[in-house]
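In: Could you work out the structure for the sequence below:
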Amino acid sequence: MLRNLKTLFFISMLFFGNQAFSGSALGEVICRAPLYYIWGDKKTKSFWKNISARGDREEDAKRVLEEKIDRLKNKAISECRKVHENTAGCIAERYKAVESRYSSLSFRARKAIDEAIISDCKKQEGVCLEAESGKIVCKETVKEAGKEKDKIEKAESKSESDKSKKKKKAKEKK
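Out: Residues are numbered from 1 along each chain as shown. From the prediction side, this is the model:
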């Protein structure tokens, strides 16, 4: 069996070279970028979501990520409009959150809540301008195959330790 493994190793080294056992052969690239939307007169940039994509090579992962970003820009703008271009919706949501206690409050307390809700929603009011992504950052990782390899090695070492424990128990019984 050992002879077969040595032969297999030798053949794989001839065929694949050192790359057969290097990290890049087992590697996978993950690229990430934040997606923002820009709204309001002051052109406020608000974080929306982190987007990621995987690929065997950095170029592939970047291409997939850029395609994802292009598709998700419309969703980011839609989300922006729900938050910043829907003052009536904002006010309705705030009243819904306090409705259980609102009727039991005094007139003065209700008036203070009314003013606070309207003020908060007015501060969030603005026109959504565009969505843009931040800097794309890529990182090479180990594929699942490498993890499986680690699991197999751990299982083999565990079975060897189990065998040695059984031998010790057998010696103790004698």
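In: make it CA atoms for all contacts and neighbour counts henceforth
Out: Fine.
In: Could you report the neighbour count for the closest residue to K135 other than its chain neighbours?
Out: Distances taken as Cα to Cα, 6 or more residues apart in numbering put A33 closest to K135, at 5.8 Å, once the chain neighbours are dropped. Using other Cα atoms under 10 Å, A33 is surrounded by 20 other residues.
In: Surely R32 is in contact with G55?
Out: No: R32 lies out of contact with G55 (Cα atoms under 8 Å); the separation is 11.7 Å.
In: quick revisit: E132 is in contact with the residue nearest to K135, correct?
Out: No: between A33 and E132 there is no contact under Cα under 8 Å: 10.1 Å.
In: now for the helix or strand that contains I113, which elements pack on it?
Out: Element membership of I113, judged by DSSP states H and E, is helix 107-123. On a contact count with 3 or more Cα pairs under 8 Å, 6 or more residues apart in numbering; DSSP states H and E, helix 107-123 meets helix 87-102.
In: Name the residues of stretch 56-67 that come out as buried.
Out: D56, E58, D60, A61, K62, V64, L65, E66 (16 or more other Cα atoms under 10 Å).
In: in the helix holding I113, what counts as buried?
Out: In terms of neighbour count (16+ other Cα under 10 Å), helix 107-123 has its buried residues at I113, I117, C121, K122.
In: Please tell me how far the nearest residue to the last one once chain neighbours are set aside sits from D120.
Out: Right, the one you point to is K122. Distances taken as Cα to Cα, 6+ apart place T87 nearest to K122, at 7.0 Å, with adjacent residues excluded. To D120, T87 is 10 Å away according to Cα to Cα, to the nearest Å.
In: What lies in contact with stretch 120-138?
Out: 29-41, 43, 58, 62, 69, 73-74, 76-77, 80-81, 83-87, 90-91 (Cα atoms under 8 Å, 6 or more residues apart in numbering).
In: of these, buried ones?
Out: Going by neighbour count (16+ other Cα under 10 Å), the contacts of stretch 120-138 have 29-40, 58, 62, 69, 73, 76-77, 80-81, 83-87, 90-91 buried.
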